[in-house]
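Undergrad: What follows is a predicted structure for the sequence shown.
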Amino acid sequence: MDGSSKNRAFLKMHFLHQIPIETNMVAKYYRNPMREIVFMMNACHLLKKIRNSILSSGFEDFHKRLLTVDGFLIIWNMWIDAYKWDHSTNPFPVHQKLSDEHMFPNDAQKIGNKLAFETLNRTC
């Protein structure tokens, strides 16, 4: 499942009196309440959503949000600074596969999963 309106409506249909997260995304099967259904989100889609949310987080006029976790800011410039350091200053680059496309994706690249997955991948 991804976060489309149809998928959200489908999820709500199965969790009429519950909050999905509180039940670990497990619902009773409507045709046989003795059985359960486990709902799973599309991991690649979630990675893309995380990357795009971080891309939108910052202090510039074009940023749409400012993400925090436990009071600590998460902004895309952190990734850009690390990328620039790794590719220009670091004598032993860690993220050799990352490119400008990963750090500065255009609108079409923001839609795809590939660059997001590679950007957040530990081995790139």
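TA: Yes, it's here. Numbers count the residues shown, from 1 in each chain.
Undergrad: Now do the contacts for the one residue sitting closest to the centre of the chain.
TA: Central residue of the chain (CA atoms, centre = their mean): Ile50, 2.2 Å from the mean position. Listed by CB atoms under 8 Å, 6 or more residues apart in numbering, the contact set of Ile50 reads Ala116, Leu120. For every residue, glycine as well, the C-beta is placed using N, CA and C.
Undergrad: Kindly confirm my reading that it is in a helix.
TA: Yes - according to DSSP: H, G, I helix; E, B strand; the rest coil, Ile50 belongs to a helix.
Undergrad: So, low pLDDT: which residues of this structure?
TA: Along the chain, the parts satisfying pLDDT under 70 run over 1-3, 122-124.
Undergrad: tell me the contacts of Leu98?
TA: Leu98 touches Tyr83, Asp86, His87, Glu118, Thr119, Cys124, counting by CB under 8 Å, 6+ apart.
Undergrad: Please tell me which one of those residues counts the most neighbours.
TA: Per-residue neighbour counts (other CB atoms under 10 Å) across the contacts of Leu98 peak at Thr119, which has 23 neighbours.
Undergrad: Thank you, goodbye.
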